[in-house]
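S.K.: this one's sequence-less:
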């Protein structure tokens, strides 16, 4: 029994969770309706981006995994901290991600190098 238990325990401890495909630093792939240049989805459940349209704002978000390649973002703009808005960020099989709100595409994003930590 000891001979069987040790390999099972080692396997459990060595297996690790991989990060969600949505986590990382992303840059806009072309223009988008909110004027977002970059988006950061951090490992600890936070995200941040800056919009320039229609009014400049910094958006602070909390995210949760909705599906294997999709996260839901609950975001608050710096211009109105009482107005929470919900976004969906989905990474497609080709690695390009789409940010949408209310089923409408806001823009496309591509992953860039860098630590997605939010300061």
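M.R.: Right, received. Where do you want to start? No experiment lies behind these values; they were computed from the predicted model shown. Numbering: from 1, shown residues only.

S.K.: show me the contacts for the residue positioned nearest the centre of the chain.
M.R.: By Cα atoms, centre = their mean, the chain has its centre lying nearest to residue 41, at 3.6 Å. By Cβ atoms under 8 Å, 6 or more residues apart in numbering, the contact set of residue 41 is 20, 22, 23, 24, 26, 47, 63, 71, 89, 116. (Glycine included, C-beta is placed from N, CA and C.)

S.K.: Report the beta-bridge partner residues of the fifth one.
M.R.: With DSSP bridges as the criterion, residue 26 is bridged to residue 39, residue 111.

S.K.: Where do the strands of this protein begin and end?
M.R.: Remark: strands assigned in the chain by DSSP state E are 24-28, 38-41, 46-51, 57-67, 70-77, 85-91, 97-101, 104-112.

S.K.: in the last one, what's buried?
M.R.: In this case it means strand 104-112. 106, 107, 108, 109, 111 (16 or more other Cβ atoms under 10 Å).

S.K.: now for that strand, which elements pack on it?
M.R.: Helices and strands touching strand 104-112, by 3 or more Cβ pairs under 8 Å, 6 or more residues apart in numbering; DSSP states H and E, are strand 24-28, strand 97-101.

S.K.: Noted, bye for now.
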